[in-house]
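sequence and computational prediction follow.
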Amino acid sequence: MYPLSMKRLTNMLRPKFSEEGSNANRFEKEVYQMFIKYLRELSAGRRGSITLGSVLIFVTSTDEEPALGFKLPPTLVFEEVEEKKFLPKSSTCINQLTLPRANETEPLPSQELLFNLYDYAFANAHYGLA
């Protein structure tokens, strides 16, 4: 088994973008670029105890890729933000990460605030283990 790297994680989490040239696509690419920056921070060990494995656990409930791969490949989708809530969501039954994206009236928060929201989400991926 290979250790989880940023390249491996980004290859697993293939984004599903809206139609090229649309406003939705522009906002999706903006938040995706921030997510990639965040993953670089994780890869470099600059986010405390949060690791790339924490992200994979949040999405799939496991911190490593199974030897034969995932039955349902992990995906990354985007949804329009609601009420300034930029906290990521996951559906572990279908291995899907959902990142809220900005819109015409609600811009992305600062990088620091967004990364802190990501830290909070990915640190709390252990369901029922409070």
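Arrived safely. This structure is a prediction, so every number in the text was calculated from the model and none was measured.

okay, now L113: neighbour count?
When neighbours are counted by other Cβ atoms under 10 Å, L113 registers 11. Yep, even glycine has a C-beta here, placed from its N, CA and C like the rest.

OK, contacts around T51?
If you count contacts by Cβ atoms under 8 Å, 6 or more residues apart in numbering, T51 has them with L42.

got a pLDDT number for it?
T51 carries a pLDDT value of 95.

so that it lines up with my notes, have the first residue be 647 from now on.
All set: I'll call the first residue 647, so the last point we hit is now T697.

give me the distance between it and E710.
Distance of T697 to E710, given as Cβ to Cβ, to the nearest Å: 11 Å.

what residues are bridge-paired with the residue nearest in space to the middle of the chain?
In the chain, the C-alpha nearest the mean C-alpha coordinate belongs to L743, at 5.6 Å (Cα atoms, centre = their mean). Going by DSSP bridges, L743 is paired in beta bridges with L722, S736.

who's in contact with it?
For L743, the contact set (Cβ under 8 Å, 6+ apart) comprises L659, V701, F704, V705, P720, T721, L722, V723, P734, K735, S736.

tell me how many other residues crowd the fifth one.
Looking back up the chat, that one is P720. For P720, using other Cβ under 10 Å, the count is 21.

now for G691, how many residues are close by?
Neighbours around G691, by other Cβ under 10 Å: 10.

and if you look at N749?
13.

and it, what is it in contact with?
Neighbouring residues of N749 by Cβ under 8 Å, 6+ apart: N669, F673, E726, V727.

and those residues, which is closest to R654?
F673 (26.6 Å; Cβ to Cβ).

double-check that closest one against T751; I have them as touching.
No. If you go by Cβ atoms under 8 Å, F673 and T751 don't touch, sitting 11.4 Å apart.

the helix or strand containing V677 - what's its average pLDDT?
In the assignment (DSSP states H and E), V677 maps to helix 669-689. Averaged across helix 669-689, pLDDT comes to 98.

tilt between the helix or strand that that helix is followed by and helix 669-689?
Proceeding N to C from helix 669-689, the next assigned helix or strand is helix 698-706, under DSSP H and E. The directions of helix 698-706 and helix 669-689 differ by 140 degrees, with axes from the mean of the first three to the mean of the last three Cα atoms, to 10 degrees as the criterion.
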